[in-house]
Structure formats: structure tokens, C-alpha cells
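Peer 1: My questions concern the predicted model and sequence given below.
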Amino acid sequence: MPALSDATIKLFKRATTRAVEGEGGLLTGEDPSAYNSSDPLRLWIIQVGVIIMMAQLLSLGLGRIRQPKVIAEVLGGILLGPTAFGAIPGFTQHIFPEDSLPYLSLVANIGLCLFLFLVGLEIDASIVKRNARLSIVVSLAGIALPFGLGSVLSLPLYHHFIDPSVHFTYFMLFTGVAYSITAFPVLCRILTELKLLDTTVGIVVLSAGVGNDIVGWTLLALSVALVNAGSGLTALWTLLICVAFAIFLLWPVKRVMLWLARKTGSVENGPTMLYMTVVILLLWGSAFFTDIIGVNAIFGAFLVGIVVPRDGGLAITLMEKLEDMVSIVFLPLYFTLSGLNTNLRLLNNGITWAFTIAIASLSFTGKFGGCTIAAKLSGFGWREASTVGSLMSCKGLVELIVLNVGLEAGILSQTVFSIDGCGFQASLGNAAAAGPEDGTDSIDSRSPAKDDPWRYRFTVVLDKLEHIPGVMALTQLILPTPSSPSGITSVTSTTETVDLKKPEITVDALRLIELSDRTSAVMKSSAADTLIYTDPLLGIFRMFGELNDLAISTSLSVVPFDDFSHRVVDHASRHASQLVLLPWLPPTSSYQNSMEVEAVPATPKSTRFDHNPFEAFFGSFSKADKSASAMNSQFVRSVFAQSKSDVAVFIDTGDRSGAGSSQHVFFPFFGGPDDRLALGICYPARDVGTTHLEKPEGVHVHEREQIPTIRSLVHRDDTVSIRSTAFPDTVYGPATTQTRMQSETADSVAWNKYALHKPDPATPPLLRAALSRVQFSEFSTPTPLRATIQRAANIRQAHMRLLIVAGRSKRLATESHHHELKEIFEEYGSSGEMVRKTIGDVASAMVVSSSASALVVLQAAIPVE
């Protein structure tokens with residue numbers, strides 16, 4: 001009888017016939033780790049704890065060198081087996097005694113059924129239709145050649161290691177299947193991380209992987225049926241019943257499940273309790289049926305996963321509900337059982353190692369060669385064809401599951417199991433390091449013109465629901481006032497009148513979804529063309545665009561969090577965006593007039609640079625702040641450091657006082673490229689009351705931070721740009737007397753262009769109306785930041801709803817504020833270092849002192865060659 005049913009019946013008989021034993025605890029002197037048939041839960045908990053901790057510790061180390069979690073789980077199982085820890089006297093007898101393994105095996109097989117159900121959920125048969133002809137050719141070639149090589153290699157393996165009681169035909173069939181199957185879950189993640197899902201290569205590989213998996217699992221079911229059947233006729237009946245059951249599930253049951261999902265509202269609102277109950281009952285009922293007819297229970301679970309409807313992201317929601325428990329608890333248990341059967345000490349001579357090397361080589365070359373040749377004959381170039389071959393050759397935990405099925409069915413001996421396991425793991429995760437074709441999806445490769453009289457191309461970043469209010473407020477504030485083109489032209493140029501045709505304003509909303517370790521994130525990436533219409537954040541922003549007569553184009557990208565900033569910069573560059581709009585919630589937004597800060601030592605320490613260059617490859621080993629605000633700050637700083645376009649960040653302080661009243665803008669002009677950008681943007685701002693533009697002049701001595709040199713610093717104009725994943729900041733090089741004088745001249749020209757402008761009859765109405773609402777003032781003070789804070793407080797006495805606009809950096813400005821800012825932080829009881837690094841000195845002082853309802857921080861584009 002098959003393994004799962006046999007283990008269940010055996011445990012039931014043992015539970016009903018065992019004698020009652022003492023169940024004392026520590027107080028009675030009993031060893032809690034000793035196996036007790038009347039209370040196996042104690043030892044089971046210890047076993048689960050050991051297994052999970054081993055898997056997690058290994059994944060932490062291997063994850064730093066970008067190895068998938070399955071490597072850690074498989075390696076953990078092998079280490080807990082006779083290869084390593086099992087060789088310690090008493091370890092296996094005490095932690096994994098023979099009598100306790102049936103309980104561990106039952107739970108592991110339950111988890112395996114759930115995992116195969118998730119694999120079925122991940123497979124979308126409609127993908128094959130995207131490029132059916134090429135996919136079928138590649139899929140068949142990826143099965144035929146590896147199957148042939150596996151069959152050839154099975155002959156010497158059979159004569160050296162397999163008992164003659166096992167039919168060679170069964171062993172040959174099983175070996176061929178193990179060679180030909182592709183790790184579809186691993187393949188999906190690789191395609192997502194390499195951003196190949198939307199390319200022709202990605203579509204063909206994904207479709208071929210689906211077909212390959214379906215054919216492979218069918219052949220494996222046939223192999224198991226042949227072994228479990230007493231005769232060829234019995235095997236034929238088993239196969240026919242299995243095919244009929246699969247047809248029954250894939251047509252009538254699938255239609256019923258879709259009807260039930262719509263009837264219960266599960267498509268629109270996620271699976272209801274009733275629908276989840278029906279799915280779970282169908283899962284275990286199908287697994288039970290395929291198990292009792294002589295095919296492994298995992299095939300029934302796999303078929304139910306395919307049957308679940310994909311409408312409305314239902315399959316993704318089901319995946320999210322189950323995947324964590326399966327990946328954290330159940331799969332490590334299964335791989336530990338596999339590791340207990342793997343003894344690498346059996347590979348103790350030249351013949352076994354020769355077979356191991358041959359299996360590792362042929363398992364890759366068979367897949368790679370067959371799929372590459374098929375893709376080349378189908379019209380691909382050699383580069384694309386080799387990419388297809390490399391992707392299709394990826395291996396994963398599916399191959400290990402196949403080996404375990406063969407071991408349980410008696411087809412494999414323990415030696416062959418260890419040889420095959422070591423050989424397949426050597427080729428685990430092979431994939432092409434090739435990216436998508438360059439330039440295929442570029443909408444406009446022109447770089448934004450800095451001298452345009454207005455900005456009309458915007459990229460808006462949407463990543464979290466709580467950022468939506470800030471994004472909408474910033475978009476409405478920044479967009480040019482809808483009026484005559486001449487008026488807009490006069491705002492930015494008072495010396496000449498330019499008759500330009502007003503360009504069309506384009507706003508592109510980029511939705512970012514984090515590609516995490518969860519399979520559901522990979523499924524979202526595969527279903528991006530559907531999610532772009534159903535995503536709630538994009539839906540809200542589309543409605544905002546309709547209410548403001550804006551044409552909103554939308555994009556959706558599923559990438560790792562570390563790649564968020566690169567994706568934003570790349571998207572803005574390809575769409576020739578002139579301004580990137582970002583939201584940011586500082587630590588103060590959750591606590592009124594408070595700040596989440598780091599402790600400041602009583603005695604200031606000398607400035608020391610503790611950056612570890614290896615962190616770019618292996619991650620940080622220090623206790624880094626992983627809070628939401630810190631991670632979001634890192635993202636914003638990375639965009640600032642890498643962006644080739646102007647960047648505007650809206651900071652929502654959480655202050656809702658004055659809601660419903662008119663909004664007033666206060667802009668302290670200190671000088672520098674970022675302040676000049678802010679000065680130009682303040683004028684076209686709409687829906688504001690009075691605009692206060694002030695130019696405080698400090699008398700501070702110039703200070704310059706000693707910033708260490710970091711990897712490939714390229715000096716361009718007055719900016720040094722860092723391209724480093726471990727230290728995402730923009731570092732400005734030392735300014736010379738010449739560059740400072742040039743910047744001061746530019747500051748004076750920019751300020752006087754607006755402050756000294758005298759309206760005349762030729763002045764357009766828009767500019768006249770804007771100037772009537774603007775108040776200019778200049779003053780000198782030894783403490784410009786404190787004076788700015790006081791001025792903002794005075795304005796808020798009359799106008800509670802105050803928006804402060806500030807430039808991010810003070811590069812080439814006439815004074816440095818570091819000393820004064822430090823005193824302000826100490827006065828308000830905050831270090832604010834994270835805030836200062838993110839938004840700069842002036843904006844940090846405003847945030848710490850709670851001077852505004854909201855802030856807009858701008859950074860001018862980094863000069864590039």
C-alpha cells in the first residue's frame with residue numbers, strides 16, 4: 001500500500017492498542033526528550049525545533065551569497081543525517097529514534113501534499129497559449145534528450161547498485177523521468193528576478209516549463225503505477241483510472257469550483273471560509289484517491305492545484321494563506337527525512353564518484369543541449385537559444401521529491417539515492433545570467449531638457465497604501481496650472497516672450513511590489529498584466545487622475561526591495577521623466593511631536609567611517625535598523641543618489657490642524673542648485689494661498705564634512721555620485737572658490753528674476769495673479785535655521801495649514817548648517833540622523849521642530865556626461 005495511507009493506518013493501530021504509560025514531567029525526573037509512545041508530541045516538538053533552526057541558520061549564511069532557501073533545507077537534512085551529525089554517537093538514537101520516524105514521516109508527507117498543491121496553483125495552463133508552437137518544440141526537446149541520456153546511464157547504474165529483483169524497465173523509466181523534469185518553481189523565480197517574464201524568451205521558457213512539468217509528473221505517475229502493480233494489466237487499469245480522474249477534475253470539477261468561487265464572492269473578495277473548506281476537502285480527497293489506486297498521493301494534490309480558478313487573483317490569495325506554514329515547517333521536515341536516507345559516506349570509491357560526476361554533467365548538458373538546439377532551429381539566435389537552454393536546465397526540490405518517491409517505491413537503493421541526490425544538487429539552480437534585450441520597451445530615450453519652460457513628464461511612485469495621500473497632494477501641487485501657455489512661459493522667463501505650444505502633460509504611475517521569498521510574490525510577477533488593472537493603489541490613483549483631468553498611464557513592477565530605487569531610476573530614464581515624485585513618511589508621522597531616534601552619546605565621538613566594502617556582496621552583519629521608516633528612508637536616499645532626473649519628495653508630518661483652510665507655502669531660499677530648482681517650482685504651484693519666499697543670509701564659517709572615498713567616485717561638475725548598493729547616498733565633492741562664485745551668481749540671478757520683477761501691462765494675467773500672492777523678504781541672521789523655524793511659527797499663527805518647500809542639499813551654498821542643526825537636535829531631544837541623511841539639513845530642522853503640516857524636498861538632477 002502507498003506510503004501515506006500505510007503510515008496513517010500503522011499509527012492509528014499503534015494509538016488504539018498501546019498500553020497506558022506514565023506521563024510524568026521534569027518534576028518526576030523523566031527525560032522530556034526520551035521517546036514515549038503514549039506522548040510522542042514531546043520528541044516531535046524537539047525534532048521540529050532542531051530541523052527548523054538548522055534550516056534557518058544555514059539559510060542566513062547561504063542567503064548572503066545569494067543561494068536559494070532550498071539549498072539550506074537540503075543541506076540541513078543531509079547534515080542531520082548519517083553524513084554528519086548522525087555519525088555522532090547517540091545523536092540519531094536520541095533525537096531521531098527509529099520508532100519516532102513514522103510520526104515525522106506522516107507530518108512531512110502531509111506537507112509534501114500541500115507543497116504539490118501549491119505547485120499546481122503556480123502553474124497556469126493559459127501561459128502555454130502565448131507561444132504554443134515554440135513552447136511545445138522546446139518542451140519536447142527538453143524531455144526527449146535528457147530522457148535518452150538518463151536511460152543510457154541507467155544501464156551501468158543498474159548493474160552496479162540495483163538489486164536484480166527490481167525490473168530494469170522500471171528503473172530506466174524512473175531515471176529518465178528524473179533527468180527530464182524541470183524545477184518549475186525555481187524557474188519562475190529566476191525569470192522574475194532577471195525581468196524576463198515579458199520577453200519572448202521568458203514567455204517561451206515559462207510555457208515550455210509548464211508543459212515539461214505536466215508531462216514529467218504524468219510519466220512519474222506511470223512509473224510508480226508500474227512498480228506498485230502486480231502485472232502489466234493492473235498497471236494499465238491504474239493508468240486509465242488515473243487519466244479518467246484527471247479529466248474529471250480538469251473539466252466538471254473545475255467548472256464547479258469556478259461557479260462556487262463566483263457564488264461565494266471569493267473571486268472579488270478572496271476565498272471565503274466555505275470556499276477554503278471545499279478546497280481543502282477536495283485536496284485531501286483527491287490525494288486519498290490517487291494513493292489508494294496505486295499512484296502517490298502527491299499527484300492528487302497537484303491536480304487540485306491546477307483545478308483552482310485563476311480569476312481575480314484567487315490562486316495567489318490561496319497561496320498567500322498556505323505558503324508560510326508549508327515552507328517554514330513542512331518542507332524542512334521532508335528534507336530532513338530525505339537527509340536521514342542520504343549517506344554521503346557511501347560515496348567512498350572511484351566508481352561512485354564517477355557516477356556522481358556523470359549524473360551532474362549529463363543532467364545539465366542534456367537539458368541545455370536539447371532546449372538550446374530546439375530554440376535555435378525555431379528561429380532564435382545563439383544568445384537567446386543558450387539562454388533558453390540554461391533556464392530550462394534549472395534543478396530544484398522537485399527533483400529531490402522525485403528521488404524520494406523512487407526510494408519509497410523500492411526502485412532506488414540508498415547508494416543510488418545518495419549518488420543521484422549529490423549529482424542533482426551539484427546542478428541545482430543553474431540559470432542564464434542574461435538580461436532582456438536592450439531598448440525594446442523604451443518609450444522615449446531622450447533625456448529631459450533642463451531649459452524647458454515647464455515640466456510636463458512626471459513619474460509617480462506608488463509602493464504602499466499609506467503613501468497614497470502624500471502622492472496625490474504632491475502631484476496636485478507640482479503640476480502646472482491649467483491655463484494659457486504664454487502665462488506659464490512668462491513665469492519662467494521674464495526677459496522674453498516665447499510663443500510655445502503647450503505640450504501634453506504625462507503622468508506615469510509606477511506601482512512597486514516587493515519580490516520576497518514567498519512564491520505568491522513570484523505569481524504576482526507572472527500575473528502583472530492582470531494585476532495592473534486590479535491593483536487597488538493604481539485604481540485609486542487613476543480615479544484621482546480622472547477627477548483632475550489628468551491622463552494617467554500605469555506600470556507595475558515586482559522586484560526585490562533592494563532594486564526598488566534602480567527600477568524607479570530606470571523607469572524615469574526610459575520615459576524621459578523630468579520630475580520623479582516620491583512620498584515619505586518620517587518617523588514623526590506616527591507620533592505627534594515626537595521622533596524615533598537613536599541614542600546620542602554624552603561625549604561626542606570622533607567621526608569615523610565604519611563602512612565594510614564586503615557588505616555590498618554579503619549584506620550587513622551589524623544590527624541594522626530594519627524598521628519600515630528606516631527601509632523607506634534607504635529607498636528614498638537611493639533614488640536621490642541614482643536619479644538622473646529632478647526628484648521631489650512629499651513629507652507628511654501627520655499634522656492635520658487647519659484642515660479645510662487654504663494652504664500657504666513657505667520657501668526659505670539658502671542657495672544652491674536644489675534651492676534654485678525649488679524656487680522655479682514654487683511659482684506654478686496651484687491651490688495655494690499666500691506664498692512666502694525668504695532669503696536668510698547666515699554668517700557661518702564654511703564647514704566641509706570629511707567623507708571617505710567609496711568605490712569608483714566619478715567627479716562630474718560639483719557632484720560625486722555613488723553607485724553602491726551598500727551605501728546609497730549622494731556625496732558632494734569639495735567646492736572650489738570658482739564654483740562657489742558661479743553658484744552665488746546663479747542664486748542671485750534666480751532670486752532677482754522673481755523678487756525684482758515689476759508687473760506691467762504686458763505681464764500675463766497668470767503671472768500677475770501669482771505675484772500678487774507672493775511675499776519676498778531678505779534678512780541676515782547668525783542662526784538662519786532658528787530664524788527660519790521662528791518665521792514658520794509666526795506664519796502658522798495666522799495660517800495653520802503651512803507647506804514648507806526646501807532644497808535637499810546645500811552644495812555650493814554660502815554656509816553650512818551642521819553645527820546649528822546639531823544644536824537644534826539637542827534642543828528638541830532628537831538625533832534625527834536618519835532624517836537628516838534623507839532630506840537634508842533645512843528640511844530636517846523643519847521636521848524636528850514640527851514647523852509645517854507638510855514639506856516638499858527637491859533635489860536637482862545629478863549632472864551626467
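Peer 2: Structure's in. What do you need? Worth saying up front: this structure is predicted, and the values here are computed from it rather than measured.
Peer 1: who touches the spatially most central residue of the chain in this structure?
Peer 2: Of all residues in the chain, the one closest to the mean position by CA atoms, centre = their mean is Leu515, 1.8 Å from it. Taking CB atoms under 8 Å, 6 or more residues apart in numbering as the criterion, Leu515 is in contact with 192-193, 521-522, 525, 558-560. Just so you know, the C-beta spots here come from the backbone N, C-alpha and C atoms, and that holds for glycine as well.
Peer 1: Looking at those residues, state which has the most neighbours.
Peer 2: Neighbour count (other CB atoms under 10 Å) singles out Val522 as the most crowded of the contacts of Leu515, with 26 neighbours.
Peer 1: Show me what the host helix or strand of that one is packed up against.
Peer 2: Secondary structure here is read from DSSP states H and E; on that basis Val522 sits in helix 519-526. Contacts defined by 3 or more CB pairs under 8 Å, 6 or more residues apart in numbering; DSSP states H and E place helix 519-526 against helix 101-122, helix 184-193, helix 314-325, strand 506-514, strand 552-559.
Peer 1: Now do that helix against helix 101-122, angle only.
Peer 2: Direction vectors for helix 519-526 and helix 101-122, defined by axes from the mean of the first three to the mean of the last three CA atoms, to 10 degrees, enclose an angle of 10 degrees.
Peer 1: Residues touching helix 519-526, excluding its own?
Peer 2: Applying CB under 8 Å, 6+ apart, the set of residues contacting helix 519-526 from outside is 118, 121-122, 124, 127, 185, 188-189, 192, 197, 206, 315-316, 319-320, 323, 327, 513-515, 531, 558.
Peer 1: residue ranges of the strands in this structure, please?
Peer 2: Assignment of strands within the chain using DSSP state E yields the ranges 457-462, 506-514, 552-559, 579-584, 646-652, 664-668, 691-697, 714-716, 719-721, 774-780, 802-807, 854-859.
Peer 1: okay, these in a markdown table with distance to Cys422 next?
Peer 2: Written out in a markdown table, the entries for the strands of the chain read as follows (distance: least, CB to CB, whole Å):
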| stretch | distance to Cys422 |
| --- | --- |
| strand 457-462 | 46 |
| strand 506-514 | 35 |
| strand 552-559 | 34 |
| strand 579-584 | 49 |
| strand 646-652 | 51 |
| strand 664-668 | 67 |
| strand 691-697 | 71 |
| strand 714-716 | 47 |
| strand 719-721 | 46 |
| strand 774-780 | 75 |
| strand 802-807 | 60 |
| strand 854-859 | 53 |
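Peer 1: Leu219 is nearest to which of those?
Peer 2: Nearest to Leu219, of all those, is strand 552-559, at 32.6 Å by CB to CB.
Peer 1: weakest of the helices and strands packed on helix 519-526 in terms of mean pLDDT?
Peer 2: The minimum mean pLDDT among the helices and strands packed on helix 519-526 belongs to helix 184-193 (a mean of 77).
Peer 1: Kindly calculate the angle that that helix makes with strand 552-559.
Peer 2: 130 degrees.
Peer 1: If you count neighbours, what's buried in helix 184-193?
Peer 2: Of the residues in helix 184-193, 184-193 count as buried by neighbour count, 16 or more other CB atoms under 10 Å.
Peer 1: Just list whatever residues bridge to Leu579.
Peer 2: On the basis of DSSP bridges, Leu579 takes part in beta bridges with Phe458, Asp646.
Peer 1: burial measure for the residue lying closest to Ile136 once chain neighbours are set aside, as a count.
Peer 2: Ranked by CB to CB, 6 or more residues apart in numbering and with sequence neighbours excluded, the top spatial neighbour of Ile136 is Gly211, at 6.6 Å. Counted with other CB under 10 Å, residues neighbouring Gly211 total 22.
Peer 1: for Phe541, same thing?
Peer 2: Counted with other CB under 10 Å, residues neighbouring Phe541 total 23.
Peer 1: residue contacts, the nearest residue to it once chain neighbours are set aside?
Peer 2: Counting by CB to CB, 6+ apart, Ala509 is the residue found nearest to Phe541 once chain neighbours are left out, at 5.0 Å. By CB under 8 Å, 6+ apart, Ala509 lies in contact with 460, 462, 538, 541-542, 552-555.
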